[in-house]
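J.: Let me see the structure of the following:
(one chain, ligands or ions: 1)
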Amino acid sequence: MSRTSREVRLAHPPAGLPTAQDFTVVETAVPEPGPGELLVRNLGFQVFGAAVTTALGQDVAHFPGLHPGGVPFGPAVGEVVAGGGGFAPGDLVSHGAGWREFAVLPADRCAPLGDALPDPLLHLSHGWTGYAALTRIAPVRPGDAVFVSNAAGAIGSLAGRIARLLGAGRVVGSVGSPAKARRLVDELGYDAAVLRGEPLGEQLAAAAPDGLDVVVDLVGGEQLRAAVEAARPHARIALTGALTAQYATAGPRMRAPVDLDLAQLILKSVRVTGFRADDHPDALPEWNERFASWLRNGEIDFPHTRISGIDRAPRALEDLLAGRHVGAVLVEP
Ligand SMILES: NC(=O)c1ccc[n+]([C@@H]2O[C@H](COP(=O)([O-])OP(=O)(O)OC[C@H]3O[C@@H](n4cnc5c(N)ncnc54)[C@H](OP(=O)(O)O)[C@@H]3O)[C@@H](O)[C@H]2O)c1
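T.: Numbers count the residues shown, from 1 in each chain. Down below sits the predicted model:
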């Protein structure tokens, strides 16, 4: 039976940060899955803005370049419709071929969802990146003061609660507006917020007067520089993202230089570690189990927006990049 699928394609190179007008939604014939392939009906995908902007026009490690006519990379969950490779129709899987209704892809690029989490879309939370940072890279110890930059984004909106559940004493996050600063404290479990775009040294000194023990940095630039200044002896810093470059309106999106005071790092024995969550696969099942248990106990929730209909996905990306969302942005195609 011939089947069609709608998918989001880049229409032309964006002039600056991508907007909805830079994409088009196209109907296409779905091929039969070949040997070792699966046909998957996507139930949802994450609008992973940083993956889209970073890949624009260039191949970057782990993300194929996004050129006109191409479909962006996007974490997705779906239901197997046909194919083999150890999967059966009805199985739920995660994979990277979002931004489309149906995906045909090699079975070895799909992972079974397992039954730890009650809703397949919870697998799109990206909380596990924050969990890996706060357990493997910059482990939280009881009473620690933790700083998360970009605290109302997909990762940051969960990282504050995760830090607290792991024993943090004080949790501070950065955001782009006073309205989001209020939501950080009222809804997302942070003790205090600092505003990007305003001098950070004084704000951090007021928000965490005894200094920082743990930093999950998703931004780089001035925020990382200020975090190093505020670090206490033996602080741990997990370099997790570089939004200063990835969400810049111009310039290379995978170069994120920053001036750091090495004397401070050395004299305070600060550990600074770049990392990819994918290099810590053991953290994922552990996160799923803990996320499920924290959800059951009402100790955490999943801040996100669900958007119905693939036609609305390009606009969802534009809104995400403009800072109009809190938490993860998911599309149910
Ligand atoms: N290391 C890993 O394994 C790993 C895995 C996944 C993702 N990441 C990285 O994690 C980072 C965060 O991803 P995410 O999905 O959590 O973020 P996100 O949800 O896409 O963040 C969206 C927020 O970014 C802020 N923003 C917009 N423009 C900005 C700019 N020019 N500078 C700084 N912030 C800006 C806005 O918040 P405000 O309005 O509050 O400013 C916006 O709401 C990315 O760098 C991504 O590549 C790393």
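J.: Would you map the strands across the stretch 101-250 of the chain?
T.: With DSSP state E, counting those that start in this stretch as the criterion, the stretch 101-250 of the chain has strands at 102-106, 111-112, 145-148, 170-175, 192-195, 212-217, 231-239.
J.: want to throw those into TSV with mean pLDDT, mean neighbour count and distance to the ligand?
T.: For glycine as for every other residue, the C-beta is placed from the backbone atoms N, C-alpha and C. Listed next are those as TSV, based on pLDDT from 0 to 100; neighbours: other C-beta atoms under 10 Å; distance: least, C-beta to the nearest ligand atom, whole Å:
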stretch	mean pLDDT	mean neighbour count	distance to the ligand
strand 102-106	97	20	20
strand 111-112	96	12	16
strand 145-148	98	31	10
strand 170-175	98	28	4
strand 192-195	98	20	9
strand 212-217	98	27	9
strand 231-239	98	20	8
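J.: got TSV for those strands, with distance to residue 269 too?
T.: Output for those, formatted as TSV (distance: least, C-beta to C-beta, whole Å):
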stretch	distance to residue 269
strand 102-106	45
strand 111-112	38
strand 145-148	17
strand 170-175	21
strand 192-195	25
strand 212-217	12
strand 231-239	5
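J.: Compare these and give me the one nearest residue 299.
T.: strand 170-175 (14.0 Å; C-beta to C-beta).
J.: closest to residue 257 out of the strands of the stretch 101-250 of the chain?
T.: The nearest among these, by C-beta to C-beta, is strand 231-239 at 13.0 Å.
J.: partners of that closest one, with directions?
T.: Here strand 231-239 has these sheet partners by DSSP bridges: strand 212-217 (parallel), strand 271-274 (parallel).
J.: Give me the nearest residue to residue 158, chain neighbours excluded.
T.: residue 127 (3.8 Å; C-beta to C-beta, 6 or more residues apart in numbering).
J.: State the distance from the one you found to residue 88.
T.: Separation of residue 127 from residue 88 (C-beta to C-beta, to the nearest Å): 28 Å.
J.: Same list, the strands paired with strand 231-239, but as CSV with distance to residue 81 please.
T.: Below are these laid out as CSV (distance: least, C-beta to C-beta, whole Å):
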stretch, distance to residue 81
strand 212-217, 38
strand 271-274, 39
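J.: biggest helix in the protein, by residue count?
T.: In the chain, taking DSSP state H as the definition, the longest helix is helix 283-296.
J.: so how far is it off the chain centroid?
T.: The chain centroid and the centroid of helix 283-296 are separated by 17 Å, computed with C-alpha atoms, centre = their mean, to the nearest Å.
J.: The next helix or strand after that helix vs the ligand: in contact?
T.: Following helix 283-296 in sequence order, the next helix or strand is strand 304-308 (DSSP states H and E). No: applying C-beta under 6 Å from any ligand atom, one finds strand 304-308 separated from the ligand by no less than 10.0 Å.
J.: okay, residue 127 and residue 88: which has more neighbours?
T.: residue 127 (26 against 9; other C-beta atoms under 10 Å).
J.: gap between the more buried one and the ligand?
T.: Residue 127 sits 10 Å away from the ligand, going by C-beta to the nearest ligand atom, to the nearest Å.
J.: Am I right that that residue is in contact with residue 288?
T.: No: with contact defined as C-beta atoms under 8 Å, residue 127 does not count as touching residue 288 (9.5 Å).
J.: ok, back up a step: so which of the strands of the stretch 101-250 of the chain is nearest residue 267?
T.: Closest among the strands of the stretch 101-250 of the chain, once you apply C-beta to C-beta, is strand 231-239, at 8.4 Å.
J.: Report the distance from that closest one to the chain centre.
T.: 22 Å.
J.: give me the number of residues near residue 259?
T.: 10.
J.: Apologies, that question was intended for residue 294.
T.: Residue 294 has 17 nearby residues by other C-beta under 10 Å.
J.: ok, it touching residue 288?
T.: No: proximity of residue 294 to residue 288 does not meet the contact threshold set by C-beta under 8 Å, at 10.9 Å.
J.: Helices of the protein, start to end?
T.: For the chain, the helices defined by DSSP H cover 49-55, 127-132, 156-165, 178-186, 200-207, 221-230, 243-246, 262-267, 283-296, 313-321.
J.: In CSV: the ones you listed, plus distance to residue 84 and mean pLDDT.
T.: Formatted as CSV, these follow (distance: least, C-beta to C-beta, whole Å; pLDDT from 0 to 100):
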stretch, distance to residue 84, mean pLDDT
helix 49-55, 29, 95
helix 127-132, 28, 97
helix 156-165, 35, 98
helix 178-186, 46, 98
helix 200-207, 53, 98
helix 221-230, 47, 98
helix 243-246, 37, 96
helix 262-267, 52, 97
helix 283-296, 24, 97
helix 313-321, 30, 98
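J.: among those, which is nearest residue 110?
T.: Nearest to residue 110, of all the helices of the chain, is helix 283-296, at 14.3 Å by C-beta to C-beta.
J.: Any residue of that closest one touching the ligand?
T.: No: judged by C-beta under 6 Å from any ligand atom, helix 283-296 stays clear of the ligand, getting no closer than 10.1 Å.
J.: What residues sit buried inside that helix?
T.: 283, 284, 286, 287, 288, 290, 291, 292, 294, 295 (16 or more other C-beta atoms under 10 Å).
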